[in-house]
Structures are given as structure tokens and as C-alpha cells.
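> Provide a 3D model corresponding to the input given below.
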Amino acid sequence: MNAMALLLTLLYLALPPQTGAPVVLARDGRAAASIVVADAASPAERSAAGELASYLRKITGAVIPVRTAREKPRGTLIVVGKAADGLGPEGFRIRTQDGNLLLTGADDDGAEFAVYTFLEKYLGVRWFWPGELGEVVPRQSTVAVGPLDDTQKPDFLWRNRGPSGALWGATSGPTEMHARELLLGITEEHQRQVRLWEKRNKWGGWKVYGGHSLGEIFPPERFAKAHPDYYALVNGKRAVPGPDYDYKHRGQVCTTNPGVIEAAAAWVNKFYDEHPGYHAVHITMNDSSGFCECERCRALDSQRTMQRSGIDAEETKGGPALNTVMTDRIFTFVNQVSERVQKKHPGKYVVSMAYARYILPPEKIRLHPYAIPQYCLWGAYRHANAGLKREHEAIAAGWAQAARTAGIYEYYINGSWPGLHRLVVPYVAESIRFLKQQGIRLYQTQAGDEFATNGVNYYLAGKLLWDASLDERGILDDFYTKAFGRAAPAVRRFHARLEKAWADATRDGRDVSCNSLETTRLPELFTPELMKAAAADLSEASAAAENETVRKRVEFYRQGLRYTEFTVDAVRAAKAVGPRPDKGQVTAALEACRRRRRFVEDLKNDYVLPYFWVRYNDEQRAQFLPVARLEALLKQLTN
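Here you go, the predicted model:
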């Protein structure tokens, strides 16, 4: 047994809790303890120890050494590492024992969470948004803690703050999303800080890959000529993807074709061969219509129909359509793939979103134990409308009953009009608690990096997904007080004003933020009066700020408000361009769009706005703010 194992055995496993004097870590700005890791500590354990030393130095000024067990450090010890004590995945324990402090986890994540929770809960450190400006570190020259015995594990097994899978073109693996962000000029440091913020706030859990995955599983360059029969039969013809295929929309497959089932299972098995650390893999249909109309596929559908507009219809100005529910068809395919995957990779999961025409729970089939439905369009941001809230809760409860393991895909952001103020803290809290009651433990968001507008939603969600019993009022009180000091009342009023405006605008059930340019109600929500009042709140906050750091945090929020203003101004100006526009209207609209674009480019790495989603919207859905059309129109009017 090495020195570290012996230390853990003596201090952690064998002895009863110590209730004596506090453990002193630093005294009068000098180290009073050493941090100890195992001789063969993992990179995560070493990183956690380094983070602890770094923050203890920020707090006290003391340089706390990090040593290995082989060095046989003496005196007060802070043990950081893994301990096999039945905590379960990501679980950890914070404990004082015989004058020492033990920060141990069941695995690497648990060890890291033990350190971050200790810093947050017992030393007052906070990470409200990514980057140094979002960090709060109390200063004190002496730190003593204990007695402590705090054991935790997560309420939700998957707490994922962002989508993955194809957005532009084919994907290449689990890191594809980050690679594409780099291509857009989002720096590695920006991405590192966001992921670090997520870790520090205990986002994480299961590793799940993919989303709308057909572009990866059935790329046309491999299957279009060899197996055109793999693709959906639409209007009597196989809808083989053409040169304009974006690997995310259209390109549906015939899910009852035996070759399709075998090819999908082979792809999932190959993924698990190459990435054994993953828990689940998506085989979700692409993000559009065009589903197969062959007799075998249609025979699996129930007789139900559903009348709902959905995101696609709202964004393309379509009205509600009456559609056959396809859930039994899609999840028969998921079941068949799951059966094949279990033969080679027992215990590994296959996931499909429950989405669009397969959003409702099945009627005719039972789900395979390792098939996971991930219910989409949960939409707590629309829960000011009581009817929608009841509908969403009923569907979520139905999926929880239909599957042994179920998940949620929650829209904190939409590709259309991304990152505008959408403050829905009460509805987020209610929905997370409801999901926990239903036994749903997998939770993913469609999110962005717009921390200056909607960061409080992400901060609160992270806390509640770890521990749904927490009181959101206490979380928010702590947030405003520690981040803004004397400016807290004005900042809280700023958020409350925008939160109320959102609730009032969505109480009738219509989706303010997911509409075409012609039908959007954003100008009705973000009125000049609302923007003026919100700006006044921030001016008051800035005047009340007791130091430069708080003033910078208020300015950070002011930049978020400017993004909303610039976007709504562009929408308002573009909507004013009618069927017979004059040069002045077009010029004004074009300048508003360009002003917004310049602002977005200037701040793309500053955690203010969701740059990735803004680019996605502007390039893939150019009809929203049609800059190219406005430029062509102005040229025509000028000539």
C-alpha cells in the first residue's frame, strides 16, 4: 500500500469523525498546511489540487505547497483525490479528520467537485460567469475550517449546457462543436474559460454524443449511389441528399429498411469501440420533415394526429398543421439499434430526441431498457402560459413512464433571435423540480455564451441540477449581493423588469422569440419604454457601485442590453421595409443590421452574447435579418 492509500485508509475510512478544533490552512498570510495528492494522481486530481492552492493564495496570500504522498509531508494535510467509498459517480466528501482536511471523490469529477464545493461553500468563492470579472474571492489572511463532514452526489446524472453534433456540415467526432467555434474566431481561451466555469459550477455528468445524427451515420458520399433505398421515400421518390445538403436538415432515412438498421447499429458500435468512455450516443433523425412514406414505415405509425406549429412552422411562417404521430415508428428503429448495440457493448445507451412528429410518448411499443428518449420543446421559457406548462409536464411525465431512462432537451436559447434577454428563473426552477419528481435524471440545454443577458438562468440551473432542493431565492440573493454589493438592488430590479416583460409577452402562449421577421413580436416586447427603464436601472447600479470591479460588472450587463437594443432596432428597421420601399428605409435597415454585426464581432469573445448562435442564425437563416437582400435592394434603388 502506497503512502497515499495508507493516509486515506487511516484518515478517511477507518476512523470516526473528529469533532475537535478547526483545521488551520493558513495563518497571517502564511501556509499552515500542505496539499497532498497520490503519487500516481490523475491529471484531474492534480488540476484540482492546483486550483485549490491557487485560490488559497488568492484568499490568504499564502503559498500552500502541493506534494505527493511519496514526499511524506508533515503537519496539517489537505488530501485531494479519489476514494472508493460507495459515493457513486461524481459523488464527493468534504471531511475534517484528526487535524487534517480530506477533499475526496468517487472519481475524477468527484475529486474536482469536492475542491470547488469546498472553495464555494466554506470559503465564499463564487464563479458567476466565465472569466475573471465573474469571479468573487473573499480576502482573509487566516483560514480555519471545521469540523466538517459533507457528502454530496448529483440529483441529475447529466447536466449538459450545450448541444453537440452537426450544425454546419458533417461532423468528425466528440470535439466537433469546439472545433467549429475555433473556425469562427472564438478563441481557445474563451472556450477553456466557459468549460472551466461549467466545471466549477458542477455542470457535467454523463458523456453523451450527438444530436441530429443522420448526416454522420448516412453521409451521402458513402450511401447516395450505393444505397439510395436507405433514404426516405417522399412523393414516390427516394429523397437522396443533393449538393446543398447541410448534414442536419432533410436527408431522412427509411427506418424500416433492414440495411439502415444494421448500418446505424454498426456506426454506434464503431463509435463505442473508439470512445469507450461515453455513456450514450444519439441516432436522432434530422431537423426537418421529409420522413419516409413507404408502406412499412407508415404501418408502424399510430392513428393519432397532432396539431401544433412547432419551431419549424413558426420560423418559416407556416401555420399549425395536422400531422400523423410517428413516435412508434421512430422508436421501433431506436429499439432495434439498441438491441444490436447491447450484443457488443452491453450497458451502453442509444438516444433519440423526442421531437416534432415523434414528440409524444409511444402507444404501441415498449422502449428497450437501453433506449433513451430525450424530450424536446420542453420550453420552460413559455411557462407563463399555464396551458402550455400543463401540456409540457404531461408529455414529460408520459416519457418518464415509457422509458427506464429519460432525458430532456431544454431551450435556453433558440437559433432564431439568439441571446436576447429571456429571463425565466422561476420557470426554470419549477421545471427542474418537476422533472426530478418524475424520475428524469438527464438534462441538456440548447445554450450559448450570452452571460451578460441570460447568464443568471444558467447559473441557477447548474445549482438546481446538482441539488434540486435548494431554494432559488437564496441562490439569487447570494448572486446579487456578492456580485454587485451596494448596486445589488438596482441590478435585481433590472432583471425583475425584464423577467416580468417576458412573462407578460408570453402569457398568451405565443412564442415571442421564435418567429420569422414578418411575424416576430420582439418590438412589442422590447419597447423603447422598457429599454429606457432598463438602462436607467443599470445607470443607478453603476452610480451605487462601491468599487471599479462592480462598475465593470454593471458595464458587462450594459453591453448585454446594447446587444438586445441593436438586435431589436435592426428587426424594427427591417420590418419597416415594405413591398415598395424607398431608399431611406432600406438604408436605415441596412445600417441597423451592420451596426449590430459590428457590435457582435467586437464582443464575440467577451461572454456577452452567443456568437456561435448569432452566426448560425445570420448565415443559415438569412431571412431573419436579410442583409444580402437589403444590400441588393439598395443597389437597385441607387442605380
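> what about the helices in the stretch 301-450 of the chain?
310-315, 327-344, 386-402, 425-438 (DSSP state H, counting those that start in this stretch).
> Gln193: which of those is closest?
helix 425-438 (23.1 Å; CB to CB). (C-beta placed from N, C-alpha, C; glycine too.)
> May I see the buried residues of the closest one?
425-436, 438 (16 or more other CB atoms under 10 Å).
> Switch those residues over to TSV; also include pLDDT and distance to Arg304.
Formatted as TSV, these follow (pLDDT from 0 to 100; distance: CB to CB, whole Å):
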residue	pLDDT	distance to Arg304
Val425	96	35
Pro426	96	33
Tyr427	97	28
Val428	97	30
Ala429	97	32
Glu430	97	28
Ser431	97	25
Ile432	97	29
Arg433	98	30
Phe434	97	24
Leu435	97	24
Lys436	98	29
Gln438	97	22
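> Could you identify which of the helices of the stretch 301-450 of the chain has the lowest mean pLDDT?
Across the helices of the stretch 301-450 of the chain, helix 310-315 has the smallest mean pLDDT, namely a mean of 39.
> how about the strands of the stretch 401-550 of the chain, start to end?
Under the criterion DSSP state E, counting those that start in this stretch, the stretch 401-550 of the chain contains strands at 407-411, 442-446.
> Adding distance to Leu102, mean pLDDT and mean neighbour count as columns, could you present these in TSV?
Formatted as TSV, those follow (distance: least, CB to CB, whole Å; pLDDT from 0 to 100; neighbours: other CB atoms under 10 Å):
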stretch	distance to Leu102	mean pLDDT	mean neighbour count
strand 407-411	34	95	24
strand 442-446	30	95	24
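> quick one on the thing from earlier: from the buried residues of helix 425-438, which single one is nearest Glu221?
Taking those together and measuring to Glu221 by CB to CB, the closest member is Leu435, at 39.8 Å.
> Tell me which of the helices of the stretch 301-450 of the chain is the most buried.
helix 327-344 (a mean of 22; mean count of other CB atoms under 10 Å).
> where along the stretch 151-300 of the chain do the strands fall?
So, for the stretch 151-300 of the chain - with DSSP E, counting those that start in this stretch - the strands run 158-160, 204-205, 208-209, 233-234, 237-238, 280-282.
> what lines up beside the fourth one in the sheet?
Spelled out, it's strand 233-234. strand 237-238 (antiparallel) (DSSP bridges).
> what about the partner strand, average pLDDT?
The average pLDDT for strand 237-238 rounds to 94.
> Touching that strand from outside, list them.
Applying CB atoms under 8 Å, 6 or more residues apart in numbering, the external contacts of strand 237-238 come out as 228-229, 231-232.
> hmm, back to that, biggest separation within the buried residues of helix 425-438, which pair?
Val425 and Gln438 (20.9 Å).
> wait, Asn385 sits on Ala505?
No. Asn385 lies out of contact with Ala505 (CB atoms under 8 Å); the separation is 10.7 Å.
> Quick check, central residue of this structure?
In the chain, the centroid-proximal residue (CA atoms, centre = their mean) is Arg161; its distance is 1.6 Å.
> What sits closest to that residue if chain neighbours are left out?
Ala447 (4.8 Å; CB to CB, 6 or more residues apart in numbering).
> can you pull the pLDDT of the one you found?
91.
> Contact partners for the closest residue to Ala501 other than its chain neighbours?
Nearest non-adjacent residue to Ala501, counting by CB to CB, 6+ apart: Leu530, 5.5 Å away. Shown in contact with Leu530 (CB under 8 Å, 6+ apart): 497-498, 501.
> want to try CSV for these, with pLDDT and distance to Cys514 as columns?
Below are the contacts of Leu530 laid out as CSV (pLDDT from 0 to 100; distance: CB to CB, whole Å):
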residue, pLDDT, distance to Cys514
Arg497, 98, 22
Leu498, 98, 18
Ala501, 97, 17
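> Can you tell me what sits against stretch 390-400?
Here stretch 390-400 has contacts from 354, 359-361, 373, 375, 377-380, 382-383, 406, 408, 431, 434-435, 438-440, using CB under 8 Å, 6+ apart.
> nearest spatial neighbour of Trp417, skipping sequence neighbours?
Leaving aside its chain neighbours, Trp417 sits nearest to Ser513 (5.2 Å; criterion: CB to CB, 6+ apart).
> quick one on the thing from earlier: isn't the residue nearest to the centre of the chain up against Gly448?
No. At 9.5 Å, Arg161 does not count as touching Gly448 under the criterion of CB under 8 Å.
> sorry, back to before: can you say which of the strands of the stretch 151-300 of the chain is nearest to Leu460?
strand 158-160 (12.6 Å).
> Just the mean pLDDT for the closest one, thanks.
Strand 158-160 comes out at a mean pLDDT of 96.
> for Gly29, what are its contacts?
Contacts of Gly29 (CB under 8 Å, 6+ apart): 60-62, 141.
> From those, which land in strands?
If you go by DSSP state E, the contacts of Gly29 have nothing in strands.
> Ok, which of the strands of the stretch 401-550 of the chain comes nearest Thr96?
Using CB to CB, those put strand 442-446 closest to Thr96, at 32.9 Å.
> Pull the residues that contact that closest one.
Contacts for strand 442-446 (CB under 8 Å, 6+ apart): 156-163, 206, 208, 372, 374, 405-414, 432, 435, 458, 461, 465.
> cool, and stretch 599-608?
Residues contacting stretch 599-608 (CB under 8 Å, 6+ apart): 129-131, 134, 184-187, 189-190, 193-194, 449-453, 455, 556, 559-560, 562-563, 566, 609, 611, 614.
> again, 6 Å this time
Identification of contacts with stretch 599-608 by CB atoms under 6 Å, 6 or more residues apart in numbering yields 129-131, 187, 190, 449, 451-452, 559-560, 566, 609, 611, 614.
> swap in stretch 88-108?
11-12, 18, 23, 42, 44, 76-83, 87, 109-111, 113-115, 118, 146-154.
> Buried ones among those residues?
For the contacts of stretch 88-108, buried by 16+ other CB under 10 Å: 11-12, 18, 23, 44, 76-83, 87, 109-111, 113-115, 118, 146, 148, 152-154.
> Am I right that Leu538 is in contact with Arg558?
Yes. Using CB atoms under 6 Å, Leu538 is in contact with Arg558, at 5.1 Å.
> lowest-confidence helix or strand of the chain?
Within the chain, confidence by mean pLDDT, DSSP states H and E is lowest for helix 310-315 among all helices and strands, at a mean of 39.
> Which neighbouring elements make contact with the longest helix along the chain?
When the chain is scanned for its longest helix (criterion: DSSP state H), the result is helix 548-575. For helix 548-575, the packing partners by 3 or more CB pairs under 6 Å, 6 or more residues apart in numbering; DSSP states H and E come out as helix 451-466, helix 522-525, helix 528-544, helix 583-602.
> could those helices be laid out in JSON lines, adding mean pLDDT?
Shown next, in JSON lines, are the helices and strands packed on helix 548-575 (pLDDT from 0 to 100):
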{"stretch": "helix 451-466", "mean pLDDT": "98"}
{"stretch": "helix 522-525", "mean pLDDT": "94"}
{"stretch": "helix 528-544", "mean pLDDT": "98"}
{"stretch": "helix 583-602", "mean pLDDT": "95"}
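> Dump those helices to CSV, plus distance to Lys199.
Shown next, in CSV, are the helices and strands packed on helix 548-575 (distance: least, CB to CB, whole Å):
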stretch, distance to Lys199
helix 451-466, 10
helix 522-525, 34
helix 528-544, 29
helix 583-602, 27
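> Gly215: which of those helices is closest?
The nearest among the helices and strands packed on helix 548-575, by CB to CB, is helix 583-602 at 27.1 Å.
> Please identify the buried residues of that closest one?
Residues 585-590, 592-593, 596-597, 599-600 are the ones in helix 583-602 that count as buried (16+ other CB under 10 Å).
> Stretch 539-553 too?
For stretch 539-553, by 16+ other CB under 10 Å, it's 540-542, 544-545, 549-551, 553.
> And the furthest pair within those?
With CB to CB as the measure, no two of those lie farther apart than Glu540 and Thr549, at 17.7 Å.
> That concludes my questions; thank you for your assistance.
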